[in-house]
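**Q** Requesting a structural model of the entry that follows:
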Amino acid sequence: MSLQLRLFGGNSDAGKLTASNDGNHAIDKSKVLAQTDAAVITPTNPGNFGSIRTVPILPEPRYFDREEADRLKELAKEKTDGARQSKRAYKALVKIEVADKVVHKEHRKYEGAVAENELGKKRADAGLAKKLHGLRPGYARLGLGIDKAENDARTRIDAIRAKLTAGMN
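**A** Below is the predicted model:
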């Protein structure tokens with residue numbers, strides 16, 4: 001298998017006349033607007049609006065003892081560092097999403113250019129086909145001219161042959 005086929009795949013229908021060649025289309029709106037992932041946030045899939053809560057809400061004022069305060073202070077340090085690391089991670093995730101979007105958009109531009117250029121190529125092919133059809137009468141005239149010349153030559157040759165064979169008798 002060639003490198004090009006391995007990289008880009010093969011298309012067994014290449015060059016065949018399909019329904020799309022007569023102006024129809026196979027653009028399925030539901031596919032065009034389909035989510036890129038089942039979990040992606042969209043107006044029809046708004047997410048769960050969940051939140052994070054490390055400690056429960058205190059329903060009323062209360063006193064804490066030293067041990068509880070120390071444990072809460074240690075947990076606060078842990079969560080503060082976790083928040084800092086989470087912020088870094090979320091920033092990285094956003095950058096990845098932005099990069100994915102750039103690649104996605106550029107690929108769609110590329111596909112659009114391929115589709116547009118394919119139409120240009122097919123226009124050129126159709127133009128050549130029309131031109132060749134326009135030349136057919138000229139070729140037919142040439143063919144008929146050759147046939148007439150052959151028939152004329154055959155007639156003259158037959159006349160010469162008839163004279164020669166008549167003179168020998």
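**Q** contacts and neighbour counts: CA atoms only from here.
**A** Noted.
**Q** most residues in a single helix of this structure, which one?
**A** Ranked by residue count, the top helix of the chain under DSSP state H comes out as helix 66-168.
**Q** okay, now L119: neighbour count?
**A** 13 (other Cα atoms under 10 Å).
**Q** do you know how far it is from Y90?
**A** L119 is 43 Å from Y90, where distance means Cα to Cα, to the nearest Å.
**Q** How about K131?
**A** 61 Å.
**Q** Please apply the same query to G134.
**A** G134 is 65 Å from Y90, by Cα to Cα.
**Q** lowest-pLDDT helix or strand in the chain?
**A** helix 3-8 (a mean of 63; mean pLDDT, DSSP states H and E).
**Q** from the middle of its chain, how far away would whichever helix or strand comes after that helix be?
**A** Downstream of helix 3-8, the next assigned helix or strand under DSSP states H and E is helix 29-32. Distance of helix 29-32 from the chain centroid (Cα atoms, centre = their mean, to the nearest Å) equals 14 Å.
**Q** pLDDT (mean, whole number) over helix 29-32?
**A** For helix 29-32, mean pLDDT rounds to 90.
**Q** packing partners for that helix?
**A** The contact analysis (3 or more Cα pairs under 8 Å, 6 or more residues apart in numbering; DSSP states H and E) places helix 29-32 against no helix or strand.
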